[in-house]
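[1] Can you look at this prediction? I've put the sequence above it.
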Amino acid sequence: MAFSLNSDDQIIKSMKIGVVTFYGTADNYGQILQCYALIRVLQKMGHTPFLIKYTKLETADRPVRKFVRNILNFVRTSFRKKASSDQSENSLPAKERKILFDNFYQKYIPSVGPYSLRECRKKLNDFDCFISGSDQIWGWNVPFFYLAFVEDKPKLSYASSLGGFTECNAHARKNMTFWMKSYLHISVREESGIKACKYLGRDDAVVLSDPTLLLTTQEWRQLYPGNVEGKKQNYILIYWLGNETAFGVEEVLSFASEQRIPIKYIAAQRNKKMADAQIYPGIEEWLSLYDNASYVITNSFHGTVFSLIMEKPFLVVPLTGQHERMNARLTTLLGQLGLKDRICGSPDELVKLKETLQPALYKEKLENFRRHSFQTLNNWLDEIQEKQITK
């Protein structure tokens with residue numbers, strides 16, 4: 001625990017905090033930005049956070065596994081048929097985008113690891129507390145994301161998502177119930193998470209905002225200060241993930257082209273649909289594209305969140321099939337803000353895009369949610385600090 005002095009010469013203790021969440025994506029902008037947001041908020045509170053990277057391999061096993069993987073990759077490459085022209089055109093931007101994502105992690109998200117579960121138990125003893133971050137890290141039997149390696153330090157959950165989880169087999173339920181029992185406080189991202197936590201033995205969970213909503217519009221703009229003023233353009237931004245949806249991106253692209261204004265199309269996370277308007281932005285550029293857009297159509301939760309942050313007229317197409325349960329995060333957030341009418345269940349509803357969306361009607365609710373979530377997390381950390389100081 002580090003020490004510093006404020007203006008009144010009072011000793012302030014900065015905690016070293018370990019954060020576990022998803023990381024390492026090469027094209028999921030929401031994943032990397034929710035990680036950044038939680039780290040940044042903890043820094044604003046005066047703490048020293050680190051993302052904890054995870055691997056199933058012990059340190060000694062990694063060189064051998066890497067050697068075998070390289071051989072297998074060489075064999076696959078040697079026998080792979082020539083890629084189609086579309087795939088060839090897409091390969092270079094994908095590689096470049098991964099570099100941009102990796103650079104963003106290195107610049108903005110301090111980290112340790114990667115460590116196995118056993119190595120976490122041995123190497124993280126100097127941390128003061130640990131937080132299970134947001135994103136859909138819960139809902140299955142993965143001990144790392146429940147901080148199972150933590151034995152004698154406080155554990156918090158900040159807006160952890162169970163992705164619409166309802167029930168599981170007896171073995172997984174036993175494990176998850178055991179891991180969640182040791183948390184000091186638990187918060188989830190969706191109303192459905194409250195019910196899921198009760199199923200797993202915790203009836204004290206609360207709903208807090210996704211970490212991306214903890215930062216204001218101006219704070220996000222600090223990541224791309226040169227791209228804000230004087231660059232507003234008249235275009236429709238389409239951010240589309242590869243999950244099954246109520247209707248396809250082809251219909252969205254067709255509708256957008258009929259509006260006779262430019263289109264900027266970002267395909268991510270298993271979305272293989274190519275289009276002439278497709279672009280491959282880095283993280284900062286992705287944010288500025290939201291800021292400068294006239295309209296947004298997306299099937300992404302975080303795509304929706306940044307439409308709200310940047311105050312853009314938007315429509316969100318819900319997920320279907322095996323991913324339908326993930327819509328809980330959308331219905332919770334948009335329900336809180338009175339914006340469920342922005343959910344677009346059929347192509348015929350795309351005409352709602354140009355309906356006036358008045359940010360003034362939801363900004364106060366969003367700001368209250370942000371302040372409540374920020375203060376709740378801050379209070380929990382203060383509670384931990386006070387207990388540690390009095391030891």
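    On my side now, so go ahead.

[2] Could you verify my assumption that Asn175 touches Phe145?
    No: using Cβ atoms under 8 Å, Asn175 is not in contact with Phe145; the gap is 11.7 Å. All C-beta atoms are positioned from the backbone trio N, CA, C, and that covers glycine.

[3] Any regions of the stretch 101-250 of the chain where pLDDT drops low?
    226-232 (pLDDT under 70).

[4] go again using 90 as the cut-off
    133-136, 139-141, 162-168, 225-234 (pLDDT under 90).

[5] which residues of the stretch 101-250 of the chain fall in helices?
    Secondary structure of the stretch 101-250 of the chain (DSSP state H, counting those that start in this stretch): helices at 117-123, 170-181, 191-199, 217-221, 249-258.

[6] same check, this time on the stretch 251-391 of the chain
    Using DSSP H, counting those that start in this stretch, helices in the stretch 251-391 of the chain cover 283-292, 301-309, 328-336, 360-389.

[7] Just send those helices back as JSON lines, with mean neighbour count too.
    Output for these, formatted as JSON lines (neighbours: other Cβ atoms under 10 Å):
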{"stretch": "helix 283-292", "mean neighbour count": "21"}
{"stretch": "helix 301-309", "mean neighbour count": "24"}
{"stretch": "helix 328-336", "mean neighbour count": "20"}
{"stretch": "helix 360-389", "mean neighbour count": "15"}
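
[8] Relative to Asn141, which of those is closest?
    Distance to Asn141, taken as Cβ to Cβ, is lowest for helix 328-336 among the helices of the stretch 251-391 of the chain, at 20.2 Å.

[9] Can you tell me what sits against that closest one?
    Helix 328-336 is contacted from outside by 161, 163-164, 189-193, 207, 210, 301, 304-305, 316, 318, 340, 342-343, 365, 369, using Cβ atoms under 8 Å, 6 or more residues apart in numbering.

[10] can we see that at 7 Å?
    161, 164, 189-192, 207, 301, 304, 316, 318, 340, 342-343, 365, 369 (Cβ atoms under 7 Å, 6 or more residues apart in numbering).

[11] same deal with stretch 352-365?
    Tyr295, Ile297, Glu311, Pro313, Leu315, Gln336, Leu337, Gly338, Leu339, Cys344.

[12] Narrow these to those in strands?
    Secondary structure from DSSP state E places Tyr295, Ile297, Leu315 of the contacts of stretch 352-365 in strands.

[13] Now list the buried members of the contacts of helix 328-336.
    Buried members of the contacts of helix 328-336, counted by 16 or more other Cβ atoms under 10 Å: 161, 164, 189-190, 192, 207, 301, 304, 316, 318, 342-343, 369.

[14] For these, work out which two are farthest apart.
    Maximum pairwise distance in those, criterion Cβ to Cβ, is 21.5 Å, between Pro318 and Phe369.

[15] so what's Ile261 up against?
    Contact analysis of Ile261 by Cβ under 7 Å, 6+ apart lists Asn234, Tyr235, Ile236.

[16] most surrounded residue in those residues?
    Among the contacts of Ile261, the one with the most neighbours (other Cβ atoms under 10 Å) is Ile236, at 23 neighbours.

[17] mind listing what it touches?
    Taking Cβ under 7 Å, 6+ apart, we find Ile236 in contact with Ala256, Gln259, Ile261, Ile263, Ser294, Tyr295, Ile297.

[18] Now for the residue nearest to Arg370 when sequence neighbours are not counted: which residues touch it?
    On the basis of Cβ to Cβ, 6 or more residues apart in numbering, the spatially nearest residue to Arg370 that is not a chain neighbour turns out to be Leu213, at 5.5 Å. Taking Cβ under 7 Å, 6+ apart as the criterion, Leu213 is in contact with Val305, Phe369, Arg370.

[19] so Gln278 touches Tyr265, yeah?
    Yes: assessed by Cβ atoms under 7 Å, Gln278 is found in contact with Tyr265 at 4.9 Å.

[20] Got phi/psi on the closest residue to Thr177 other than its chain neighbours?
    Setting aside the residues directly before and after it, Thr177 is nearest to Gly201 in space (Cβ to Cβ, 6+ apart), at 4.3 Å. Note on Gly201: backbone dihedrals following degrees, to the nearest 10 are phi 90, psi 10.

[21] ok, now which ones touch Gly201?
    Thr177, Met180, Lys181.

[22] That one and Pro347, how far apart?
    Using Cβ to Cβ, to the nearest Å, Gly201 is found at 44 Å from Pro347.

[23] do Ala277 as well
    Separation of Ala277 from Pro347 (Cβ to Cβ) stands at 18 Å.

[24] Quick check: Phe314 touching Asp341?
    No: using Cβ under 7 Å, Phe314 makes no contact with Asp341, being 11.3 Å away.

[25] of the two, who's got more company?
    Ranked by neighbour count (other Cβ under 10 Å), Phe314 and Asp341 place Phe314 first, with 24 against 12.

[26] That one pairs with what?
    Taking DSSP bridges as the rule, Phe314 bridges to Val296.
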